[in-house]
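In: coordinates only, sequence not included:
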């Protein structure tokens, strides 16, 4: 019987090989490329739908590496479309799983409700009378609304502590790779393809060459994305240190925090410098004990010294300027722009339409009033494009997420799960502080990881409650 199966397999493989060889002979390179893509794509599509945990890990890894691969120029194919396709497959897989293992509780709760309201409002923007381009809406809604559906994917599929721990390990591994890459850029220079990117546009040089030093961007799209992800990774480590980990692991986590923050400074992003201290203030409130207060006070003293110490170091000088906004010319320009746009926001309750500012505004609505307006802030962009109604919905969503994170932190009894919830709450807080000076939530990988973080705030509580139920049974 076994020999017959082996013979059948050999015949099938031989037939397929001969058929593929004939097609390649007839069609040439393009056909061979299509066969190669199909050989990889079909099993991958099946794997993502049938085994969504694999798809989640693929999406988390791809979100970190996508901009790096694009900068290398390995392919001209728009890789962002692949991420959209991956998300679509995961959504399809979610509906299939719901058929056999229904659990619609992921749609319940204030966070889920507000996310659905936000997504619905963004779709409603298609009929915004002030919008100047429907194409801009189509391109923008992917990154501001559709990606939010990943929250429900994470909430449904992360159902075990082991899978949660695997996600954390993958996350920290990717963060360390990005930090090492940024460290290499700072001390050993850029690769050739990165040099070509930096010299491809004078505007890039104006933005990234500051004080005679190149701002570092690691594997990300720009220094802002690099710095914000280093802050997020450091806060993840801070949260883990409050869990049941050995002293040796705490030393490792402490080293990672310092290394991540060092790379944050290499990025030269002033908006990121205030995020870690701000999160530490929240930490000292949530974990109110003598040790945390002493460490927070010590950290505050160190920051004060760094802010006021005389220096000729460009990186340290830029760090100091982040805490003196009145002396920062770019901050003053942003303040003037925001003051100028306030009457428009007040008179347009639905805003100017998705994609009316920035790159998509210049591409699809050139010459319009908003196309030339630089939002320079996630909150300002929401207010301008979606109006004060959209801003109200968004701010309510963020408030509810933070409130839920704080409440869940105090509800969770398991020390390990409690530390995860603490880390996620600190990350949400820091990113939304950072969303004022920059656009913190729309770039890879943050646009994916933010909704992972939000989902984990509820997942940790659910796992804790399930664990308590088993213990009490």
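Out: Cool, got the structure. Remember, it's a predicted structure, so these values are computed and weren't measured experimentally.
In: the nearest residue to residue 281 once chain neighbours are set aside: how many residues sit nearby?
Out: Once flanking residues are discounted, residue 281 sits nearest to residue 296: 7.3 Å by Cβ to Cβ, 6 or more residues apart in numbering. Yep, even glycine has a C-beta here, placed from its N, CA and C like the rest. For residue 296, the neighbour count with other Cβ atoms under 10 Å is 17.
In: one more: the one 4 residues further on?
Out: The burial count assigned to residue 300 is 14, neighbours taken as other Cβ under 10 Å.
In: got the contact list for it?
Out: Residue 300 makes contacts with residue 277, as judged by Cβ atoms under 8 Å, 6 or more residues apart in numbering.
In: quick one: it from residue 283, how far?
Out: In this view, residue 300 and residue 283 are 12 Å apart by Cβ to Cβ, to the nearest Å.
In: go on, residue 255?
Out: Counting by Cβ to Cβ, the gap from residue 255 to residue 283 is 19 Å.
In: so those two - more neighbours on which side?
Out: residue 283 (22 against 11).
In: quick one: residues contacting that one.
Out: By Cβ under 8 Å, 6+ apart, residue 283 lies in contact with 238, 292, 296, 422, 426.
In: in which helix or strand does it reside?
Out: Element membership for residue 283 (DSSP states H and E) is helix 275-286.
In: so for that helix, mean pLDDT?
Out: Confidence for helix 275-286, expressed as mean pLDDT, is 90.
In: now swap in stretch 198-209 and tell me
Out: Mean pLDDT, stretch 198-209: 84.
In: who touches it?
Out: For stretch 198-209, using Cβ under 8 Å, 6+ apart, the contacting residues are 190, 197, 214, 215, 217, 222, 223.
In: could I get those residues as a markdown table with neighbour count, secondary structure and distance to residue 246?
Out: Shown next, in a markdown table, are those (neighbours: other Cβ atoms under 10 Å; DSSP: H, G, I helix; E, B strand; the rest coil; distance: Cβ to Cβ, whole Å):
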| residue | neighbour count | secondary structure | distance to residue 246 |
| --- | --- | --- | --- |
| 190 | 16 | coil | 38 |
| 197 | 17 | helix | 42 |
| 214 | 18 | strand | 39 |
| 215 | 23 | coil | 37 |
| 217 | 29 | coil | 35 |
| 222 | 18 | coil | 37 |
| 223 | 23 | helix | 35 |
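In: how about stretch 191-205: buried residues?
Out: By neighbour count on 16 or more other Cβ atoms under 10 Å, the buried set for stretch 191-205 is 194, 197.
In: do stretch 205-225 as well
Out: 208, 214-225.
In: which sections of the stretch 1-150 of the chain are below the confidence cut-off?
Out: Scanning the stretch 1-150 of the chain for pLDDT under 70 picks out the ranges 1-41, 75-77.
In: tell me how far the helix holding residue 283 is from the chain's mean position?
Out: 20 Å (Cα atoms, centre = their mean, to the nearest Å).
In: distance between the helix or strand that that helix is followed by and the chain's centre?
Out: Toward the C-terminal end, the helix or strand that comes next after helix 275-286 (DSSP H and E) is helix 290-308. Here the centre of helix 290-308 is set off from its chain's centre by 28 Å, with Cα atoms, centre = their mean.
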